[in-house]
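K.L.:
What follows is a protein structure lacking sequence information:
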């Protein structure tokens, strides 16, 4: 759930920054380009979920623009992600952080590109597991 919320807020922050630095239309163009690119790699339902989040964050960046302060949301996301990963599991970035710079940047670009759908997938698995666990706890013993 941390990834789902954090990545969505990160997107709002980056779109707000993009709109402040270039022009408000730039964040909309970037949003459309992102969902078009995601369509090449994701299944229909994963793409639809990602498109919905991108659309909401693009609207937020237009209706409640954060300007350059939007950079604080990605920074907050990184801090919260590192803290929660320290509690539960190593970060994915730690699996390629020791590689040469070119390889590291390639992995980082792919990681960031797919972060939104990966966060949604992780959140849906966690909520599905908790529903399964809670319903299993309600069943009478035989």
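P.N.:
Received it, and whenever you're ready, just let me know what you need. Quick caveat, the model's predicted, so the values are computed rather than measured.

K.L.:
which residues of the chain score low on pLDDT?
P.N.:
1, 85-92, 94, 126-142 (pLDDT under 70).

K.L.:
Where do the helices of this protein begin and end?
P.N.:
Secondary structure of the chain (DSSP state H): helices located at 2-21, 24-39, 44-63, 72-88, 101-113, 115-138.

K.L.:
Deepest-packed of the ones you listed, please.
P.N.:
Most buried of those by mean neighbour count (mean count of other Cβ atoms under 10 Å) is helix 2-21; its value is a mean of 21. C-beta: built from backbone N, CA, C; applies to glycine.

K.L.:
just to revisit the earlier point, dump the helices of the chain to a markdown table, plus distance to residue 95.
P.N.:
A markdown table is the format used below for the helices of the chain (distance: least, Cβ to Cβ, whole Å):
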| stretch | distance to residue 95 |
| --- | --- |
| helix 2-21 | 16 |
| helix 24-39 | 23 |
| helix 44-63 | 22 |
| helix 72-88 | 12 |
| helix 101-113 | 8 |
| helix 115-138 | 14 |
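
K.L.:
From residue 99, how far out is residue 107?
P.N.:
For residue 107, the distance to residue 99 (Cβ to Cβ, to the nearest Å) stands at 7 Å.

K.L.:
Any idea how many residues pack against residue 22?
P.N.:
Neighbourhood size, residue 22 [other Cβ atoms under 10 Å]: 12.

K.L.:
Report the contact partners of it.
P.N.:
By Cβ atoms under 8 Å, 6 or more residues apart in numbering, the contact list for residue 22 is empty.
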